[in-house]
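S.K.: Sequence below, structure please.
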Amino acid sequence: MGKKENKDNAIDYGLAAKVSEKVNIANVVLIQGSFFRKPNTNRVKLSLNIGLNIKHEVDKKNSAIMVFPEFKLDGFPEKQNEKEPSLHIEAVFVLVYKIANLEGLKDENFKAFAHANGVYNAWPYWREFVQNVTSRMGLPPLIIPVFHLFPPAKSKAKPTK
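M.R.: Model prediction:
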């Protein structure tokens, strides 16, 4: 399996926990998706690269946090020196969390929450999307591995009791 990319590998789980203890997930929606394969893709073994980009928004008026994980998968033939992928799958989801109150929370809390909980909650939907799309593309269903947490950063937040 290829590598997983994330620009913010160090997640401060202490900052994320201050948000996660106040939220409930309200909705998960696929808002964008695209895919393609080259005609010979089913005849070659692919090396996979999975990419991830996370954005978030806080809607104070509606007491909601929206997390936008953008997943990308590129498959390159293993024994060929191709610069263009033979398989590409991309999906963007929005996860809507209702939050009891925003008191004491800063953007760094929401960012840490988006990178920890948002990705963890969206990963099963991404896995299902890839498996479904590859099957519909006439390829053997591709099963994305389980989500692996990145090593935590040293928490600046004090532990909760």
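S.K.: Relative to Leu73, how far out is Trp123?
M.R.: In this view, Trp123 and Leu73 are 13 Å apart by CB to CB, to the nearest Å. (Each C-beta comes from the backbone N, C-alpha and C, glycine too.)
S.K.: which residue sits closest to Ser63, ignoring its sequence neighbours?
M.R.: In this structure, Ser63 finds its nearest non-sequential neighbour in Ile99, 5.3 Å apart by CB to CB, 6 or more residues apart in numbering.
S.K.: Check Glu57 too.
M.R.: Met66 (4.7 Å).
S.K.: SS state for the one you found?
M.R.: Of the three states, Met66 takes strand under DSSP: H, G, I helix; E, B strand; the rest coil.
S.K.: which residue ranges form the helices in the protein?
M.R.: Counting by DSSP state H, the chain has helices at residues 13-20, 107-113, 119-136.
S.K.: Could you check those and tell me which one is nearest Phe36?
M.R.: When the helices of the chain are compared by CB to CB, helix 119-136 sits nearest Phe36, at 10.2 Å.
S.K.: who does that closest one touch, helix- and strand-wise?
M.R.: Secondary-structure packing of helix 119-136 (3 or more CB pairs under 8 Å, 6 or more residues apart in numbering; DSSP states H and E): strand 23-37, strand 64-77, strand 87-99.
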